[in-house]
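**Q** Here is the input, now give the coordinates:
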Amino acid sequence: MGRYHEQKGLIDLIKAAKIVSENKKDFSLALISDIPQETFADLADRYNVRKNIVFFGFKNGKDKFKIMKQSRLLVCPSYYESFGMVIVEAMACGLPVLAYGLPIYSTIYPVGMASVEIGNINELAQSLLSLLSNESARQELADDAYRLSKQFSWEKTAEDILRLIG
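**A** Numbering: from 1, shown residues only. Next up is the predicted model:
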C-alpha cells in the first residue's frame, strides 16, 4: 500500500511474492498503489505473479480500510520511512506488520511487527510464509499491533509537538 516510489520496495515485494507463490499456491497479495496499471502488469508478468496479486489501484478512506480488514497482514518493504502512517493504520485494523528492519521502527513500533534485514528478499518471503502458516504466531502479533495502535492519536501527537517546541 502506498505511492509508487523506489523507496517503497514494490519490486522487492513482487520478488518475494514469487517465492511465496511457489510454496503456497493459494497465496494472494492485495496491492493498493498509484502505480500505473501497465507498469504493474509488466512487473507482475516479469515475475509470473499476476495471478497472485489483486491490483486495486489507489484507494483511500473506507475503501482502503475495507481491504485492510479483509487481509491477514501488511507487508511493508520500504527502504526509508520517517513514521509509516500506513503501519499504524494497519495495526488499528488488527493487522500485524512484516517490514524491513528500519531503525525508526524499533522506537515507534516495538511490538506488533516482525522485521527482516533490509533488502533481504528471501528472508522477507520466508517470514511471510511463516506468518501465513502459523496462525497463532500471526494472531499474537496482530493482538500486539492492535493494542499498540491505541496509543496513537492526532491529539497526542499535537501535545508531543507542542511539548517539544514549547
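
**Q** give me the number of residues near the residue lying closest to residue 112 once chain neighbours are set aside?
**A** Among residues not flanking residue 112 along the chain, residue 145 sits closest, at 2.8 Å (C-beta to C-beta, 6 or more residues apart in numbering). Every C-beta, even on glycine, is put in place using the N, C-alpha and C of the backbone. Other residues lying near residue 145 total 25 when counted by other C-beta atoms under 10 Å.

**Q** now swap in residue 18 and tell me
**A** 17.

**Q** Next: residue 122.
**A** Residue 122 has 12 neighbouring residues, counting by other C-beta under 10 Å.

**Q** ok, now the one 5 residues further on?
**A** Residue 127 sits with 19 neighbouring residues when counted by other C-beta under 10 Å.

**Q** Next: the one 5 residues further on.
**A** By the measure other C-beta under 10 Å, the count of residues near residue 132 is 17.

**Q** and what of residue 133?
**A** If you count neighbours by other C-beta under 10 Å, residue 133 ends up with 11.

**Q** hmm, back to that, on the three-state scheme, the residue nearest to residue 112 is what?
**A** helix (DSSP: H, G, I helix; E, B strand; the rest coil).

**Q** Run through the residues that contact it.
**A** The contact partners of residue 145, by C-beta atoms under 8 Å, 6 or more residues apart in numbering, come to 90-91, 94-97, 111-113.

**Q** And the helices in the protein, which stretches?
**A** Under the criterion DSSP state H, helices of the chain are mapped to 10-23, 37-46, 61-69, 85-92, 103-108, 121-133, 135-149, 154-165.

**Q** Pipe those into JSON lines and attach distance to residue 77 per row.
**A** Output for the helices of the chain, formatted as JSON lines (distance: least, C-beta to C-beta, whole Å):
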{"stretch": "helix 10-23", "distance to residue 77": "5"}
{"stretch": "helix 37-46", "distance to residue 77": "14"}
{"stretch": "helix 61-69", "distance to residue 77": "17"}
{"stretch": "helix 85-92", "distance to residue 77": "12"}
{"stretch": "helix 103-108", "distance to residue 77": "12"}
{"stretch": "helix 121-133", "distance to residue 77": "6"}
{"stretch": "helix 135-149", "distance to residue 77": "17"}
{"stretch": "helix 154-165", "distance to residue 77": "25"}
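
**Q** mean pLDDT for those: which is lowest?
**A** Among these, helix 154-165 has the lowest mean pLDDT, at a mean of 85.

**Q** Let me see the contact set for residue 4.
**A** Each residue near residue 4 by C-beta under 8 Å, 6+ apart is listed here: 10, 33-36, 39.
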